[in-house]
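Undergrad: Sequence and predicted model, in that order:
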Amino acid sequence: MDWNLIIQVSFESIIGSTAIIYALAAIGLNVHFGYTGLLNFGQSAFLGVAAYGLAMSVTTFGLPFWVGIGVGLLGAVVLALLLGVPTLRLRADYLAIVTIAAAEIIRLLFRSVSLSEWTGGSDGLQRFSDDFYAMNPYSQGIKILPLIDMDSRDLWVLTVGWILVALACLIVWLLMRSPWGRVLKAIREDEDAVRSLGKNVFSYKIQALILGGVLGSLGGFMFALSRAAVQPDTYGTELTFFAYTILILGGAARVFGPVVGAVIFWFLIVFIDALLIELIKVGAIPTAIMDPNQAGSVRYILVGVGLMCLLIFRPQGIFGDKKEVMLDAR
Amino acid sequence: MPAETLPSLADVPREPGAKKPDAILVADGVVRRFGGLTAVNVNHVEIPRGRITALIGPNGAGKTTFFNLLTGFDKPDEGTWTFNGKTLGGVPAHKVARLGMVRTFQLTKALNRLTVMDNMLLGATGQKGENFFRALIPATWRAQEREITERAEELLVRFKLDAKRNDFAGSLSGGQRKLLEMARALMVRPDMVMLDEPMAGVNPALTQSLLGHVKALREDGMTVLFVEHDMDMVRDISDWVIVMGQGSVLAEGTPDEVMADPRVIDAYLGAHHDDEPSEEPPAPVAAAADAPETAAEKPAGEEKA
Ligand SMILES: Nc1ncnc2c1ncn2[C@@H]1O[C@H](COP(=O)(O)OP(=O)(O)O)[C@@H](O)[C@H]1O
Ligand SMILES: [Mg+2]
């Protein structure tokens, strides 16, 4: 058994770019769902629009990097308006239906053959991240065996990524202890009551949708830059549902819930996968039961069972307040 | 304005749609249909300023629907109304509240996972910190937050909820939630408070204090319009009573007059003949007093109207 390898991939998953991407996606969802009660099932679209906004600006249209970032952010805002304006006056489930459909439409547009001249079709786009890596101040990587072995590019991604996560948490923390955040939480509880107290509920819901979308779009930038590529199918419904899982695991309506959730979720996925593969390799698990290809599916089964147990024994997630969650059951 | 200096209601004719010397709310031709059912059909009604007016009528008379229409939570098929001289037709609910007309709900809407104090603070209007950008800079709203916290604290003491200030509203009893909802409405500093069955489901020990609070609103110069089934309470606190039946105003007058009115007795008995003949009550007053807040009575669309 190569424990060193297991330890290294597991540790890297804790601090790695995937945890960062999903933490940002889930921080955005936390604003939508955790604080405001908006059922956004299309968070992947916010990441996708940002990633493609950046990639297409730079690769397809030859615009500067920072313009690409601006286009991506603007894309997230426009998407929030497109999704929110027609649906947020209606019952809550309309937003859920529209967002999941819109996210799929957007993914299919990215991969459609007729647009591949601009989007690169199912292959996606590359060569838009040179300016990002040109800003890399690190001249060499980091190697502390058995924990970590990363090159300077990885290090730069992690630095920027965790700064963004910290900033996103700071913004959410500041907002949610303000009267603005109080209105959002009240809308989650009962929007008619909030209306009866003179608040423009529609406007706050739009603001929440934009904020959560923009925070999620930061995850889209990190996704594109860490891979130095965009690919349409990485922005599918799976991303959204993982983000929900992470949010509930960490504890909804808690500032650090999504971050802790993302770290634990990806640690478990990577650790179980590496462990199973090693166990198969040394013959501890006979290939008659499971071969290395199947280990990838089994890890999801195991993580799923673990999450079910969590919801049974700790429905409030890791950070949540049980009393608070139980109030919901009335 | 203390009640004594208000124009007397003694000369107001005892008839549906009677003109009042100083009306804060005037509605004309308000009609709301649900499919084939005309839930509200009010020709003309005026609510006297600074008074406690009771809106009574059997279940399904259209009282809640009328509340929803007046406060912008529902849109009428026809009709206009003015509040403080301003036309309110088509004005969205949150603007109606800002104009000074605040309502509570038949099924209490406490914000369960907010604390009692946060419920109260939410009620204050014109908060700087409710703007997205200012929210990020606490220095811009701290002082105002302290002010409204003080005001909320006073109201909580008055409503005997101060010991609960840091509890989740969801952990309060039914009666305490009614109290909280009323106190929260006062944070808006309304001119007129509309209470939909404020006593329903409230523990009898609390009803007296609730009644006291409603009377206190009048002392503070507010106009109160409230829906209530318990005729003893209606008699106890209201200056004027408006009776609704099958969507329209059937009668108006002082509590004693109205309760002796044969049309009113008919309305209550009639409604019960139609709905639940087996539970036909012996007398109209008792019938009204017994009418509970039933889930069946709540219109399906009220919550998300
Ligand atoms: N959203 C709705 N859809 C259909 N019918 C409704 C709706 N709201 C109310 N109604 C009907 O309108 C009538 C008046 O209801 P309501 O205003 O709740 O009466 P009240 O409050 O006087 O008991 C009832 O017959 C009720 O069933
Ligand atoms: Mg009613």
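TA: Good, I have the coordinates. Ligands and ions are numbered 1, 2, ... in the order given.

Undergrad: What residues does B:Ile24 make contact with?
TA: B:47-50, B:83-84, B:191-192, B:223 (C-beta atoms under 8 Å, 6 or more residues apart in numbering or on different chains). In this view, the C-beta of every residue, glycine as well, is placed from N, C-alpha and C.

Undergrad: quick one: which of those is nearest A:Ile312?
TA: For these, the residue nearest A:Ile312 by C-beta to C-beta is B:Met192; the value is 49.1 Å.

Undergrad: How about that closest one: what's its closest non-neighbour residue?
TA: The shortest distance from B:Met192 to any non-neighbouring residue, by C-beta to C-beta, 6 or more residues apart in numbering or on different chains, is to B:Thr223 (4.2 Å).

Undergrad: phi, psi of the one you found?
TA: Here is the backbone geometry of B:Thr223 (degrees, to the nearest 10): phi -90, psi 140.

Undergrad: what's the burial count for it?
TA: 26 (other C-beta atoms under 10 Å in any protein chain shown).

Undergrad: and if you look at B:Val31?
TA: 17.

Undergrad: ok so, going back, correct me if wrong: the residue nearest to B:Met192 contacts B:Val193.
TA: Yes: the pair B:Thr223 / B:Val193 is scored as a contact, 7.3 Å apart, by C-beta atoms under 8 Å.

Undergrad: Now do the strands in the chain.
TA: No chain specified, so I'll use chain A. A:125-126, A:142-144, A:148-150, A:229-230 (DSSP state E).

Undergrad: looking at chain B here, not the other one
TA: So, for chain B - with DSSP E - the strands run B:23-34, B:37-48, B:52-56, B:78-83, B:86-87, B:101-103, B:192-196, B:223-227, B:240-245, B:248-253.

Undergrad: Can you say which of those strands is nearest to A:Phe46?
TA: Of all those, strand B:101-103 comes closest under C-beta to C-beta, at 36.8 Å.

Undergrad: what packs against the closest one?
TA: Using 3 or more C-beta pairs under 8 Å, 6 or more residues apart in numbering or on different chains; DSSP states H and E, the elements in contact with strand B:101-103 are helix B:63-70, strand B:192-196.

Undergrad: rerun that using 7 Å as the cut-off
TA: strand B:192-196 (3 or more C-beta pairs under 7 Å, 6 or more residues apart in numbering or on different chains; DSSP states H and E).

Undergrad: Which secondary structure elements does the strand it packs on sit against?
TA: Counting by 3+ C-beta pairs under 7 Å, 6+ apart, strand B:192-196 packs on helix B:63-70, strand B:101-103, strand B:223-227.

Undergrad: And the pLDDT for residue 163?
TA: No chain in the question, so chain A it is. Note for A:Ile163: predicted pLDDT of 98.

Undergrad: was after chain B, sorry
TA: 96.

Undergrad: before we move on, what about A:Val71?
TA: What the model reports as pLDDT for A:Val71 is 98.

Undergrad: before we move on, what about A:Lys322?
TA: 79.

Undergrad: just the one 5 residues further on next, same as before
TA: According to the model's per-residue confidence, A:Leu327 sits at a pLDDT of 75.

Undergrad: Which positions in the stretch 201-330 of chain A make contact with chain B?
TA: Counting by C-beta under 7 Å from any C-beta of the partner chain, the stretch 201-330 of chain A comes close to chain B at A:201, A:207, A:323-324, A:327, A:330.

Undergrad: those helices in chain B, which residues are they?
TA: B:63-70, B:93-98, B:116-123, B:132-135, B:142-158, B:174-187, B:204-219, B:231-237, B:255-260, B:262-275, B:284-290 (DSSP state H).

Undergrad: Just the buried residues of the fifth one, please?
TA: So the one you mean is helix B:142-158. Buried residues in helix B:142-158, counted by 16 or more other C-beta atoms under 10 Å in any protein chain shown: B:145, B:148, B:151-152, B:155-156, B:158.

Undergrad: can you list contacts of it?
TA: If you take C-beta atoms under 7 Å, 6 or more residues apart in numbering or on different chains as the criterion, helix B:142-158 is touched by A:179, B:117, B:120-121, B:124, B:127-129, B:162, B:165, B:183, B:186-187.

Undergrad: rerun at 8 Å
TA: Against helix B:142-158 from outside (C-beta under 8 Å, 6+ apart): A:179, B:116-117, B:120-121, B:123-124, B:127-129, B:162, B:164-165, B:183, B:186-187, B:213, B:216.

Undergrad: mind checking how far the closest residue to A:Ser57 other than its chain neighbours is from A:Ala193?
TA: Spatial nearest neighbour of A:Ser57, excluding adjacent residues (C-beta to C-beta, 6+ apart): A:Gly68 at 3.6 Å. In this view, A:Gly68 and A:Ala193 are 43 Å apart by C-beta to C-beta, to the nearest Å.

Undergrad: Tell me, how many residues neighbour the closest residue to ligand 2 within the stretch 151-300 of chain A?
TA: Among the residues of the stretch 151-300 of chain A, A:Asp192 lies nearest to ligand 2; the distance is 14.6 Å by C-beta to the ion. For A:Asp192, the neighbour count with other C-beta under 10 Å is 19.

Undergrad: The one 4 residues further on too?
TA: Counted with other C-beta under 10 Å, the neighbours of A:Ser196 add up to 28.

Undergrad: Same question for A:Ile312.
TA: A:Ile312, neighbours per other C-beta under 10 Å, totals 8.

Undergrad: what's the answer for B:Thr53, then?
TA: 24.

Undergrad: That one touches B:Val241, doesn't it?
TA: Yes: if you go by C-beta under 8 Å, B:Thr53 and B:Val241 touch, sitting 7.2 Å apart.

Undergrad: The residue lying closest to B:Met199 once chain neighbours are set aside: what's it in contact with?
TA: Using C-beta to C-beta, 6+ apart and skipping the chain neighbours, the partner closest in space to B:Met199 is B:Thr207 (5.3 Å). Contact analysis of B:Thr207 by C-beta under 8 Å, 6+ apart lists B:175, B:199, B:233.

Undergrad: Narrow the residues you listed to just the buried residues.
TA: B:175, B:199, B:233.

Undergrad: show me what contacts the second one?
TA: Each residue near B:Met199 by C-beta under 8 Å, 6+ apart is listed here: B:178, B:207, B:210-211, B:228, B:230, B:233.

Undergrad: same thing with the last one?
TA: If you count contacts by C-beta under 8 Å, 6+ apart, B:Met233 has them with B:199, B:207, B:211.

Undergrad: So for it, what pLDDT did the model give?
TA: 87.

Undergrad: Tell me where the model's unsure across chain A.
TA: A:328-330 (pLDDT under 70).

Undergrad: Revised request: answer the last question for the stretch 151-300 of chain B.
TA: The low-confidence ranges in the stretch 151-300 of chain B, as defined by pLDDT under 70, are B:269-300.

Undergrad: what number of residues lie near the residue of it found nearest chain A?
TA: Using C-beta to the nearest C-beta, B:Gly170 is the residue of the stretch 151-300 of chain B that sits closest to chain A, at 3.5 Å. The local packing of B:Gly170 (other C-beta under 10 Å) involves 20 other residues.

Undergrad: ok, of the contacts of helix B:142-158, which come out buried?
TA: A:179, B:116-117, B:120-121, B:123-124, B:127-129, B:164-165, B:183, B:186-187, B:213.

Undergrad: For A:Thr240, give its distance to A:Asn40.
TA: 8 Å.

Undergrad: next one: A:Leu327
TA: A:Leu327 is 23 Å from A:Asn40, by C-beta to C-beta.

Undergrad: neighbour-wise, which of the two wins?
TA: Between A:Leu327 and A:Asn40, counting by other C-beta under 10 Å, A:Asn40 is the more crowded of the two (30 against 17).
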